[in-house]
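Student: sequence first, then the predicted structure:
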Amino acid sequence: MIRKLLAISALLIMAHSLIAQDVTVSGKVTTIDDPSGLPGVNVLLKGTTNGAITDVNGDYRLVVPSSGGTLIFSFIGYQTVEEQIGSRSTIDIVLDAEVSQLQEIVVVGYGSKSQEALTGSVATVGADKLEQVPMASFEQVLQGNVAGLQTVSLDGSPGGNSQIRIRGIGSITASSEPLYVVDGIPVQSGDITLLNSNGNRSGNVMASMNPNDIASVTVLKDAASTAIYGSRGANGVILITTKRGKSGKPRVDFRSQVGFNSVASNSLLEPLNADQYTQLFLEGYTNNPNTTITQAEAQANFDSRFRQLTDADGNRTDTNWLEELTRTGVNHSYDLSLSGGTEGLNYFFSGGYFEQESHIIGTDFERFSTRMNLDFAVNDNISITNNLNVSHFDQNGMVDGTAWANPMYNALLLSPLIPVRDEQGRFNDHHKTYFPMGGNNPVGALSGDDIRNTRQIRVIDNFSVTVKFLEDFSFRTQWNIDFIQVGERQYKNRRYGDGRNSGGFAQESTRLNRNYVGTQTLSYGKTLSDIHNITVLAGYEAQKSDDKWLYGYAENFPNDKLRNLASAADADDADGERSEYSFLSIFSRVDYDYSGKYFASFSIRRDGSSRFGIEERWGTFGSFGLGWALHEEGFLSGVDAINNLKLRSSYGVTGNAAIGNFPSVGLYDYGFDYAGEPGGEPDQISNPILTWEKQNAFNLGLDFHLFQKVSGTVEYFNKVSSDLILDVPVSRTTGFEELTQNFGEMENKGIEIAIDANIVESGDFTFDAGFNITFLSNEITKLQEDFDDGTKRRAEGMDFQSYFMREWAGVDADTGAPLWYTDATRTETTSAPEDAEEFFVGKSATPDYYGGFNFQLGYKGFDLSAQFSYSQGNYLYDPSGFVIHGDGAFTPRGTSTWGFENRWVPGKTDAKLPRHYWGNNDDGNETSTRYLYDGSFTRLRNLTLSYTIPGDLVSKLNMRFAKVYLRGTNLLTFQKDEDAILDPEQAINGIANRMVPAIKTISFGVDLGL
Amino acid sequence: MNKYRNFGLATILVISFACSSDFLELTPQQEVADTEAIQNLDDYKSAVTAIYNKISLANWYGRYFILVPDVMSDDVKQHPSANRARDYAEYDALDSDGIARELWEDVYEAVNAANAIINSSVDVPDAVKAEKDHLVGEAYALRGLAYFDMVRLWGQAYAINGGSSPGVPIVLEFDVSNEPSRNTVAEVYAQVLSDMNMALALMSNESRSGEATLLSAFAVKALLARVYLYMEDWQNARTMSDDVIANGGYSLITNANYAEQWALGTMGSEAIFEIAMTTNDNRGSDALGRMYIVEGYGDYLPSSDWSNLIPADDARRSWLLADPNLTGDFAPDRMVKYPSITGEDNTPVVRLAEMYLIRAEANARIGGNDAAVQADINTIRQRAYPAAAAVSAAGAALVDEVLLERRKELAFEGHRLWDLMRTGGDVVRTNCTSSVCTVANGADRVVLPIPLDEINANPNIQQNPGY
């Protein structure tokens, strides 16, 4: 890369040395709408008074020095273009119409609207934020950039899944994930892996998309914008629009980046060293209050256990397992696109390669993707579009949670007295005879002794034909496919870990997910008497999705070189399933505005789905939105400070159909076999009225733009989710435990504020800043009966994510015993957990507020931008503390240095952890607020310094632009709770699962345009 | 003109893209709609098979239905490591106890599955009519067995007050909103008789596979013999057991083979009905035998109260295995009647030896045929211990002889507690490792708690006293 830059620089210097002479430049100025030529355009040689005006055909002719210079093309209502002359004698220009903020086109469901006509709540993130992000998938970019939206990464491994909640959690048992729509097609999103899923944390089908291909991501938040998606609108909608060609010469964009990955959080648990572990081991015996073991006996126990006190090279064994697992991972990203338009054909072609290694060995992601978006105007009335995206990725990951094989877990538990390699140089497994945990060797497992691999191939294609007729009408027929094939594989070696007792085992699965959508829309647009603008959309959509998977398991391998099912002696298990669902929908939207001052929109959708009960198969959803452009009113007409002031409000009903495929059907399930005969039994109660969950949402928003400098939006929302699906207990004498019913209710309300300001814009210097914040409050308003879900209790009147557990009262300074409060009054403490009541501890995984802020500083070609996101008042629970900080309950597993330093020892009065002894039965590690931490944090998501090489330099090389940049991703993290020694970015439910913590990337890139 | 043609074309396109209404009528592919689950002979088979699977689960005949009453009796004592059925050995289970909850759920799931078969009205071709009847008969019999098992677990013995104490709710058809109250013990026994007699009318004498792991008409008669015995209907108990002994085609395992037979995992020619625990069916680490054997959990031990009854050369001594690691009250033996380390011992439900003992008890109660009683006791006693003296007792004393032989022969098969209760006996543990060493006949806690989940969901159900 650096060599390329040097070559370019050399060329630039050579170009400057040429001697000046006068030459003639001519050309034609056109617009996208009118290729016949635009008369009256002012053409000026920059820095001179030398100029010309285009003639009636749009042609111009101008004499300029042969040393070149820059031509400025300006015409009222169009964007001014500066063009380097270079060595050209003919320069044709296409002018784009000038677009004000209000006239910007925003993508909405089944169409687009101007910003000023919006009555709903819509936010857009543009390509500039998405291009060359050093991440496999785009979702993380939304964090902190869109008010009301909460995004977390569930797994820091490259290609891991994300969770998105738009204005809170809207469902108790069904999905709260938004609907993803790519170029108008509802697509599969989330995790569909079978083997490597880690509870839907580690797979993400959307990682198929090259973020460089995305022109914009639009987030639909309120009912006015989502009701057109009916029964799938309640969780909000993410609209992804991909890039398209524009008419004009072919444009080549090349982007290249190299990056280096390390761990983002500077607050992670560290394992003990050999001396610390030895001390802890001996103390664990001598300090046991229940037995009397002497120092000599403890030492004898130590000596008989640890037999590898020297490593394979004969050095003293002192393994830092975390360090052994950690590396500086490397990113590579190359992206090439070609776009343009000619003779009615606009095209966008791209090919991308993205590779990322995380900071944990053996975990990586590699993607190849291509896209071809074509628009062909057959004639004035008929046009054809086809978008094709093909991608493949290959992902290697690790297991999560408290599985022995989780490297982020057993790095802390494995003794540092165990060497990584044995005397033969192989990854060590001797400790399986003297240390629990199955001889797991995380370094070996991730270095190729084991396999945990996911491969996905995805093809998305949409084909459409649009026919305009009767002047105001247009009919569009669109046909889409989304095919995903996921192949997964695991191998566990024969020597150590999970495969040790079965001679090694292999699991493989393959899944094919197919999604077909056909959409027919008819639209009509008319302006009457110059003031009544009306557009009508009516459509019909059919969608069918099917899914099948196959799984095989085999064990007892002849050696660790052969890892396919066929090589194993025992093929023990085969499994497979098929499932499908369908939707039929009719929908319509009517938009009306009166003179650009008063706006109204009405949308309705009627959805039928195979998922809904036979008696409730069809549902009708809809919304109504109003907008009032106050700045257009006479009473504000003289106020120059107000560029835009618009009040808008909406109300509507949407649904949540993510309720499983056959929740309403009475079912017999099979596999209940006996004495060699297959058996089937009643498995699910028929409930023909079981159907979608409902949401009634109100939105009130104010958009403003003041002094040409400050723009923003303030919004209030109130969403009431009802008919929430709950398993309501029934008498067991029915043969069932519960009946799934539409029963519960929940409310999410809050305020969003987003402000952007152009603080300084003087000459070469610009300074912009933006800020957004969302205050969210959630409450369960109707429930059959309270129920516990892990560390939380769902109860009427409470936040959905309220923790319900014992309250930790610290450590008894005299004895080192664990203490809890006996009840919610927090007046008495006890060292017996059975005497400590569980209660609502007043903490929740839901943040009080969250959002982001950003700065951008520009000087000449230099640009420095920073973007932060933050979350305040959400609490995280660390279930692995049960073992890692188990006070010796799990003999003789290690702990963290933090646990070591803060444990109680006689005389220590500020201990955070109780006394440590092996076989600890004080139950100090029972679920309590001991492992509950304040998860408030602020993270510097992105800091980029870029330099755009001046136009006159690049044009001499016939380039459109050239930019170099240095980018830091997740550079800084600020956490509030000093005892929360974990990455603060965890699942929405606040449960920290010891996945790969977030990645910090420092990357260097070059963008070139030809 | 052209414009209008386009418009017409577009309209046609929109209409032609409309899908037919069955587009939304999709069906699951791993499951079958309950309305279509029982339509032919194969469906009957798979539905009946699933009930057998249900009763073979670890909560039921796989383990707890046998283990729990035994740990409550005087034949079994617990090892200090015991934690699984500990609350029953200690008589301090809570209404939230998992064993009671899961058993209750499993049994009613089996009842519901049987109801679905019994209440289906599918016509099958005449050629397979008899097969269908047999299958429906099995469903009746299994429902009867489920109610018989339940009424013993949750209700006091029939004999205690003529069955007037609370039994369990009788549910004969599916209704999701049903919140039934408890029927009396007598009503439940009446249902058991009704179901089993209906089964007899429908079933053929051979089981479908010819094996004892599926029910045959004779197996139902054997179960009925026991039901009548519990109801103190001595005449019918005698009729049924006599019929099984005379006509069932079963034969007792000989003394020479008796000890080894238990190691084979099946009672062979003596088996009338036993639960299959084959390689595919076994409960693995949850197996009944693994609760006793040292290679399993080893939680439970044979009490000396029982082992002292067994003479040195009695073949039933082979169910004991000395373990030098057991000391004090826990010494000296392990119980190895179900010795398979992998849990592949079929669970005996009813076997021929019991038929002799039922006939003997019935005859003894009826009186007037001491020779027949003595002969039946001798058959069982001398099969295990050929040197044993012939029974010399006569008259009423013969009842005690039969009950003694029952205790010796059917130990660890889940009979002892209920034999004590139906005959007015108390649980008296002299070799006692529990904090509870005597339990009076008919005490509150000899029955299980109605599970808390049922109490919460069903306002009409009444908890057993003492819980």
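Tutor: Cool, the structure landed. Here the structure is a predicted model, which is why all the values come from computation and not from measurement.
Student: just the strands in the stretch 51-200 of chain B please.
Tutor: Along the stretch 51-200 of chain B, counting by DSSP state E, counting those that start in this stretch, strands occupy B:76-78.
Student: which bits of it sit near chain A?
Tutor: Remark: the part of the stretch 51-200 of chain B in contact with chain A comprises B:51-54, B:56, B:104-105, B:108-109, B:111-113, B:115-116, B:169, B:171, B:174-180, using CB under 8 Å from any CB of the partner chain. No exception for glycine: its C-beta is placed from N, CA and C like everyone else's.
Student: just the buried members of the residues you listed?
Tutor: Restricting these to buried positions leaves B:51-54, B:56, B:104-105, B:108-109, B:111-113, B:115-116, B:169, B:171, B:174, B:179-180, with burial counted as 16 or more other CB atoms under 10 Å in any protein chain shown.
Student: can you list the weak-confidence ranges in chain A?
Tutor: Under the criterion pLDDT under 70, the flagged ranges of chain A are A:1-21, A:33, A:98-102.
Student: closest point of it to chain B, which residue?
Tutor: A:G735 (2.5 Å; CB to the nearest CB).
Student: and that residue, what is it in contact with?
Tutor: Residues near A:G735 by CB atoms under 8 Å, 6 or more residues apart in numbering or on different chains: A:682, B:108-109, B:111-113, B:115, B:174.
Student: any chance of the backbone angles for it?
Tutor: The phi and psi torsions at A:G735 (degrees, to the nearest 10) take the values phi 90, psi 10.
Student: for it, which non-adjacent residue is closest in space?
Tutor: Setting aside the residues directly before and after it, A:G735 is nearest to B:N112 in space (CB to CB, 6 or more residues apart in numbering or on different chains), at 2.5 Å.
Student: what's the answer for A:E828, then?
Tutor: For A:E828, the closest residue by CB to CB, 6+ apart turns out to be A:T822, at 4.6 Å.
Student: would you mind measuring from the one you found to A:E807?
Tutor: Per CB to CB, to the nearest Å, A:T822 is found 9 Å from A:E807.
Student: same deal with B:T266?
Tutor: Counting by CB to CB, the separation of B:T266 from A:E807 is 56 Å.
Student: looking at these two, which has the bigger crowd around it?
Tutor: The residue with more neighbours, out of B:T266 and A:E807, is A:E807; 25 against 20, by other CB atoms under 10 Å in any protein chain shown.
Student: where does the stretch 251-400 of chain A come near chain B, residue by residue?
Tutor: Proximity of the stretch 251-400 of chain A to chain B is assessed by CB under 8 Å from any CB, with A:N381 identified as the residues in range.
Student: which residues of the stretch 251-400 of chain A fall in strands?
Tutor: Listed in chain order (using DSSP E, counting those that start in this stretch), the strands of the stretch 251-400 of chain A are A:329-342, A:345-357, A:364-377, A:382-396.
Student: can I get the ones you listed in TSV with mean neighbour count and distance to A:T897?
Tutor: What follows is the strands of the stretch 251-400 of chain A, written out as TSV (neighbours: other CB atoms under 10 Å in any protein chain shown; distance: least, CB to CB, whole Å):
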stretch	mean neighbour count	distance to A:T897
strand A:329-342	19	24
strand A:345-357	20	27
strand A:364-377	19	29
strand A:382-396	19	29
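Student: and residue 103, how many neighbours does it have?
Tutor: Went with chain A since none was named. Around A:Q103 sit 12 other residues, with neighbours defined as other CB under 10 Å.
Student: that was the other one, I meant chain B.
Tutor: Taking other CB under 10 Å as the criterion, the count of residues near B:L103 is 23.
Student: how about A:D96?
Tutor: Taking other CB under 10 Å as the neighbour definition, A:D96 ends up with a count of 12.
Student: nearest residue to B:L288 other than its sequence neighbours?
Tutor: For B:L288, ignoring the flanking residues on the chain, the nearest one in space by CB to CB, 6+ apart is B:R63 at 4.6 Å.
Student: so what's the closest residue to A:F624 other than its chain neighbours up against?
Tutor: Counting by CB to CB, 6+ apart, the nearest residue to A:F624 once its immediate chain neighbours are dropped is A:F602, at 5.5 Å. Taking CB under 8 Å, 6+ apart as the criterion, A:F602 is in contact with A:589-590, A:622-625.
Student: what sits opposite A:F602 in the beta ladder?
Tutor: Judged by DSSP bridges, the bridge partners of A:F602 are A:V590, A:F624.
Student: for the closest residue to A:P39 other than its chain neighbours, what are phi and psi?
Tutor: Of all residues not flanking A:P39 in the chain, A:V56 sits nearest, at 4.9 Å (CB to CB, 6+ apart). Summarising the backbone geometry of A:V56 under the convention degrees, to the nearest 10, its torsions are phi -60, psi -20.
Student: now swap in the one 5 residues further on and tell me
Tutor: The main-chain torsion angles of A:R61 are listed as degrees, to the nearest 10 and equal phi -150, psi 130.
Student: that one: what's it in contact with?
Tutor: By CB under 8 Å, 6+ apart, the contact set of A:R61 is A:24-26, A:52.
Student: out of those, who has the most neighbours?
Tutor: Neighbour counts for these were taken using other CB under 10 Å; the highest belongs to A:V25, with 21 neighbours.
Student: helices or strands next to the helix or strand hosting it in the packing?
Tutor: Take DSSP states H and E as the rule and A:V25 turns out to sit in strand A:22-31. Contact analysis of strand A:22-31 by 3 or more CB pairs under 8 Å, 6 or more residues apart in numbering or on different chains; DSSP states H and E lists strand A:59-65, strand A:93-95 as its packing neighbours.
Student: out of the ones you listed, deepest packed?
Tutor: With neighbours defined as mean count of other CB atoms under 10 Å in any protein chain shown, the helices and strands packed on strand A:22-31 peak in mean count at strand A:93-95, which reaches a mean of 20.
Student: distance between the strand holding A:V25 and the chain's centre?
Tutor: On the basis of CA atoms, centre = their mean, to the nearest Å, the separation between the geometric centre of strand A:22-31 and that of its chain is 47 Å.
Student: what do you get for stretch A:150-162?
Tutor: 6 Å.
Student: how about stretch A:366-379?
Tutor: 24 Å.
Student: stretch B:328-345 too?
Tutor: Averaged C-alpha coordinates place stretch B:328-345 at 21 Å from its chain's average position (CA atoms, centre = their mean).
Student: and stretch B:33-46, by the same measure?
Tutor: Distance, stretch centre to chain centre, for stretch B:33-46: 25 Å (CA atoms, centre = their mean).
Student: quick one, phi psi at the residue lying closest to A:V263 once chain neighbours are set aside?
Tutor: In this structure, A:V263 finds its nearest non-sequential neighbour in A:H359, 5.0 Å apart by CB to CB, 6+ apart. A:H359 has phi and psi values of phi -80, psi 0 when expressed as degrees, to the nearest 10.
Student: near A:H359, how many other residues are there?
Tutor: 23.
Student: also the one 3 residues further on?
Tutor: Burial of A:G362 is recorded as 24 neighbouring residues (other CB under 10 Å).
Student: quick one, what contacts it?
Tutor: Contacts for A:G362 were tallied using CB under 8 Å, 6+ apart; they are A:396, A:398, A:445-448.
Student: going through those, which ones are buried?
Tutor: Members of the contacts of A:G362 that pass the buried threshold by neighbour count (16+ other CB under 10 Å) are listed as A:396, A:398, A:445-446.
Student: between those, which is nearest B:D400?
Tutor: Within the buried ones among the contacts of A:G362, proximity to B:D400 (CB to CB) peaks at A:A445, which comes in at 66.2 Å.
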